[in-house]
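1. Got a predicted structure here, sequence first:
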Amino acid sequence: MPEATSLGRATSFNKHNVQEFFSNLQSVLKKTPFTASDIFNCDETSVTTVHVPPKVFAEKGRKIVGKVTSAERGVLVTMIGTISASGQYLPPYLIFPRKKFQPHMLTGAPANSAGGASPSGWVNQELFLEYLKHFKTNSHASPESPKLLIMENHESHICSGVVQFAKESGITLLKIPPYCSHRLQPLDICVYFPFKR
């Protein structure tokens with residue numbers, strides 16, 4: 001089935017941008033020979049706080065089919081997921097659509113998850129810096145044990161505080177070109193797509 005693609009994605013995913021990304025990746029790997037367990041990829045996706053029931057199957061010709069659903073209305077939460085090239089996943093960082101974050105919001109989340117809040121529920125520069133601190137703790141990044149973090153080219157990901165913290169913490173940041181994540185973002189393609197189905 002054909003996939004709907006925006007004009008921005010269709011025009012930005014081109015040979016020049018892809019070659020430039022892989023050239024930058026090659027330069028980074030020449031400078032620091034990271035192992036697969038030192039190369040990480042992060043990406044945001046939205047998840048609901050209420051389970052969406054799967055499809056219901058019934059016998060052919062059956063007119064009445066029962067299905068139990070939750071009467072509760074879910075809230076969309078932004079999850080920043082992180083996985084290494086060796087397959088290791090780090091605990092997620094969750095962003096709730098609230099003014100203030102409360103620790104009880106992480107009840108039921110995977111062990112060592114962390115979180116924050118923004119009025120929109122989306123990541124911003126301050127929250128991305130908090131995520132980066134969470135990444136440092138869970139990946140054990142340091143100048144003596146450097147890590148590579150590949151991420152989308154979003155305005156919230158790059159600010160002086162993020163760049164300075166990454167540099168001091170032994171974290172090399174590599175951005176995926178704008179509008180190319182649908183093809184170059186492993187989490188979008190291999191993890192989130194099946195996760196959301």
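-> Yep, that arrived. Quick caveat, the model's predicted, so the values are computed rather than measured.

2. Contacts only, for Tyr93.
-> Met79, Ile80, Thr82, Ser113, Ala114, Gly115, Gly116, Glu130, Tyr131, His134, Phe135 (C-beta atoms under 8 Å, 6 or more residues apart in numbering). Yep, even glycine has a C-beta here, placed from its N, CA and C like the rest.

3. repeat that with 6 Å
-> Taking C-beta atoms under 6 Å, 6 or more residues apart in numbering as the criterion, Tyr93 is in contact with Ile80, Ala114, Tyr131, His134.

4. can you check Phe34 too?
-> Phe34 sits next to Leu148 when contact means C-beta under 6 Å, 6+ apart.

5. how close does it sit to Leu148?
-> 5 Å (C-beta to C-beta, to the nearest Å).

6. Counting neighbours, which bits of stretch 89-102 end up buried?
-> Within stretch 89-102, the residues scored as buried using 16 or more other C-beta atoms under 10 Å are Leu90, Pro91, Pro92, Tyr93, Leu94, Ile95, Phe96, Arg98, Phe101.

7. export the residues you listed to TSV and tack on pLDDT, secondary structure and distance to Ser169?
-> Formatted as TSV, the buried residues of stretch 89-102 follow (pLDDT from 0 to 100; DSSP: H, G, I helix; E, B strand; the rest coil; distance: C-beta to C-beta, whole Å):
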residue	pLDDT	secondary structure	distance to Ser169
Leu90	97	strand	15
Pro91	97	strand	18
Pro92	96	strand	19
Tyr93	97	strand	16
Leu94	96	strand	21
Ile95	96	strand	21
Phe96	95	strand	25
Arg98	93	coil	28
Phe101	96	coil	22
